[in-house]
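>>> Provide a 3D model corresponding to the input given below.
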Amino acid sequence: MTATQTPVLSRSADVRRRMRGTGDRGRKLKGLIRLLRPYRGRVILMFLTLFAATAAAIAPAPLAKMAIDKGITPKDVGALDQTVALFVASAVVYLLATSAQTWLTGWVGQRALADLRMELFQHLQTLSVEFYSKNRSGVIISRLTNDVEALDSLVSDGIVSLFQGTLTLFGTAAVLLYLDTQLALATFAVVPILWIGGLLYRIASADIYRRTREKIAAITSYLQETLSGIRVVRSFGQEPRHMTEFAQLNEANRGENMKTVYLNASYFPAVEMLSAAVTAGILLVGGAAAVSGRLTVGVVFAFVAALNNFFDPISQLSQLYTTYQSGMAALDKIFELLDTEADIVDQPTAVDLPHIEGRLTFDQIQFGYAGPDGAMALNGITFEVPAGTSVALVGETGAGKSTLAKLVARFHDPTEGRMLVDGHDLREVTARSLRSQMGIVPQEPFLFSGTLADNIGFGLQGATREQIVEAGTLVGLDTVVESFNEGWDAPVGERGVQLSSGQRQLVAFARALVSDPRILVLDEATANVDVHTEERIEEALEKLLVGRTAVIIAHRLSTIRTADMIVVLEHGRVVESGSHDELIEAGGHFSALHRDWMDHAGPLSK
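Now for the predicted structure:
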């Protein structure tokens, strides 16, 4: 293959790729039809009204022929009156049918899109935590907002325009054949030219609309990320940098959209020009036929009038293709999200976990995150945590502590081995029944916009005011609440910005405890609190951990020292386990880590 042949082949391959990119529409359209199926009664009625409106819209041309040839030319007033009455009747039918069709289209479209948003949101609830760590939240938000909005144009306007234009086109073609076969066949001769032009337009626009969806998703994602991190932006004085980066994204989006403008500015005027040329030719040929007596004036007039109804749908269908491409590009992104499979799915035979005591068994567990290297994060983990006791997971960063805690909460399933609670393999029970008996406190707690009471009550559906106050009081939030005028109804702001980091952590503790969990997972839960707040939390934990099983990931010696058992991890393996004093006396890995902590922490740790 020569160097000069390569670009030609590349362009050919690119055309084939673009055509394939627009070919996988059947499955997506079936998905769209599935959304409309619950409202099929109204959909059928919508198409009936659409058929009536289209019939009324193409009636004027043959009625004009009737008025001229049977009323005006022979000077028959009675025939003219009858034709005028039919004109009025067709206008009334058009008015009523169009009004009904518009209302039905809007009603069905909005219901279907609301169902789609709900389906997307429900699907997002099933996806793993890992999915959200790999995908930008702004892009996901764009799927539920920008892409569904683009689909709205297709569902509310595009589908109706498609069927209406198609019905009008074929209806008008029948009228043209009825008026004069020769003129009709001459008109139809331009259809192959329009079809070739439409195919070229489709090939050229195939990628453009997909890229416009990606660009607007990038803008949404960047905007969401920037606004979420506005404090960091302000702290480092990086407003100009963000303005520059946003301007680049905005310009890239404008550039992609301008490509559609240039494409449309070339294609649609060409269709209009061809329509005008055909109309001029029909006037010339039809006028000559009328002069010679082969055709009546009424036929020529009606034929020219009907030509608009023939070419307008072609132009509208071509313009609809831009809506179609945008909607299909959005549908691609939506189905791409819906096709993402959840990592953790309850088995068909899964049963609800009964009330548990909290015994944890790690049975020959191996686990590896999906990735090109396929390295194991956990390897051969075997130990047991008796019910009602606490275990501290200790090790350097990347040793596998958080991964092990995620297995307890069943955010992941082991690659090999079993994770058991009270002897129940977690893969054989429903995730909801497990987590309803579990409380989790992460290192960086997330609070929702709302009040203190709302965020604490989030941990238990239907939590009463008494339960909320009790949980908050147990972790010492009652003293914080006293400083708020609104008390437990004090707003926390977005992500809890109205509270200090220590106060947010206390709310997270209360939220985990409001459901009276049998198992607590504390992932560096005291890492972001001051010494005074930590002391308050530890006082509460002494009471709260009685009778509960706790999995604690911590670096602070005070938290580790009180654990019933300490498990030391290194490179995904258990290298030591035992009580604090036992491990110090053994002089192994934990003893070395302990000395390092003491050296770095200094007197505060003592």
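>>> show me the chain divided up by domain.
Using automatic domain parsing, the domain parsing of the chain gives 31-338, 356-437+520-530+551-606, 444-516.
>>> centre of the chain to the first one, how far?
Here the centre of mass of C-alpha atoms in domain 31-338, compared against the chain's by Cα atoms, centre = their mean, to the nearest Å, lies 25 Å away.
>>> so for the closest residue to A453 other than its chain neighbours, what's the pLDDT?
Among residues not flanking A453 along the chain, W488 sits closest, at 4.4 Å (Cβ to Cβ, 6 or more residues apart in numbering). For glycine as for every other residue, the C-beta is placed from the backbone atoms N, C-alpha and C. The score at W488 is 87. That number is its pLDDT.
>>> ok, W488 touching T451?
Yes: judged on Cβ atoms under 8 Å, W488 makes contact with T451 at a distance of 6.9 Å.
>>> then G417 would be within a strand, right?
Yes: assessed with DSSP: H, G, I helix; E, B strand; the rest coil, G417 lies in a strand.
>>> ok, it - contacts?
Neighbour list for G417: F362, D363, Q364, I365, Q366, I381, T382 [criterion: Cβ atoms under 8 Å, 6 or more residues apart in numbering].
>>> which of the residues you listed fall within strands?
Using DSSP state E, the subset of these located in strands is F362, D363, Q364, I365, Q366, I381, T382.
>>> and which of the residues you listed is nearest L317?
Q366 (57.8 Å; Cβ to Cβ).
>>> burial count for the closest one?
Q366 has 15 neighbouring residues, counting by other Cβ atoms under 10 Å.
>>> which residues does T166 contact?
By Cβ under 8 Å, 6+ apart, the contact set of T166 is P313, L317.
>>> low-confidence ranges, the stretch 1-150 of the chain, go.
Counting by pLDDT under 70, the stretch 1-150 of the chain shows low-confidence ranges at 1-29, 31.
>>> and for the stretch 201-350 of the chain?
Applying pLDDT under 70 to the stretch 201-350 of the chain flags residues 206, 231-232, 234-236, 315, 318-319, 321-322.
>>> show me the strands in the stretch 401-550 of the chain, by range?
In the stretch 401-550 of the chain, strands defined by DSSP state E, counting those that start in this stretch lie at 416-421, 424-425, 438-441, 519-523, 549-553, listed in chain order.
>>> correction: the previous question concerned the stretch 151-300 of the chain.
Counting by DSSP E, counting those that start in this stretch, the stretch 151-300 of the chain forms no strands at all.
>>> before we move on, back to that, among the contacts of G417, which one sits closest to V492?
F362 (36.4 Å).
>>> what residues are bridge-paired with the closest one?
Counting by DSSP bridges, F362 is bridged to F383, M419.
>>> my guess is it contacts L404, does it?
Yes: between F362 and L404 there is a contact at 7.5 Å, judged by Cβ under 8 Å.
>>> which of the two has more residues huddled nearby?
L404 (26 against 23).
>>> residues in contact with the more buried one?
For L404, the contacting residues are F362, I365, L378, I381, L393, V551, L569, by Cβ under 8 Å, 6+ apart.
>>> sorry, back to before: what number of residues lie near the residue nearest to A453?
So W488, with other Cβ under 10 Å, has 18 neighbours.
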